[in-house]
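In: A predicted structure for the sequence below; I have some questions about it.
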Amino acid sequence: MTTAKRGSYAVSMYDGQDANGVASILGMLLGQNLEKYPSRMKVARKISRPVTIYSTDTESACTIVFGSEEAIVYNDIVGRPSVTVIATVDQILDVSQLPMKAGGLIPVGFFTKRGMSVVGAILKRKLVVKGLLTHTVTVLRTIALVSVVES
């Protein structure tokens, strides 16, 4: 079941699954952003590593696998993701408010008040990003894709 099809890049739930809360939020953010900002399709195609988002509030997760033609959102943790974000729903929504430039490679959003609070949460380990140092570009590109702010 396709949750969103935007131009030549789709965002789908794996095998027609009913989306859990986190998968639903991330699928919606990705689908809406790819529709509103079609230039982000190139960014999505460049992400070659799976990304997992785990919500500590709801104790649910989703894994996003980006391909050349579509992103597939899986319920739960699937396979061995290169990046795992462990955060509250509010923290996930804060990250989606960060502006990013150059497809995420220039993280201007981290120099805003909201961005500084996100960085503070990472430093205090209240928001955990496993793979941040080893797969930094994947992390930044993922933020750019879920950001609702025009870049």
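Out: Right, received. Where do you want to start?

In: helices and strands around the longest helix along the chain, which ones?
Out: Counting by DSSP state H, the longest helix found in the chain is helix 21-36. On a contact count with 3 or more Cβ pairs under 8 Å, 6 or more residues apart in numbering; DSSP states H and E, helix 21-36 meets strand 2-6, strand 9-13, helix 40-46, strand 51-55, strand 60-66, strand 70-75, helix 89-95, helix 136-146. The C-beta positions use only the backbone N, C-alpha and C, and glycine is treated the same way.

In: Please identify the buried residues of the third one?
Out: If you call a residue buried by 16 or more other Cβ atoms under 10 Å, then helix 40-46 has these buried ones: 40-41, 43-45.

In: Tell me the one of those residues nearest F110?
Out: Checking the buried residues of helix 40-46 against F110 with Cβ to Cβ, the nearest one is V43 at 17.5 Å.

In: how about the closest one, what does it touch?
Out: By Cβ atoms under 8 Å, 6 or more residues apart in numbering, the residues touching V43 are 103-104, 141, 144-145.
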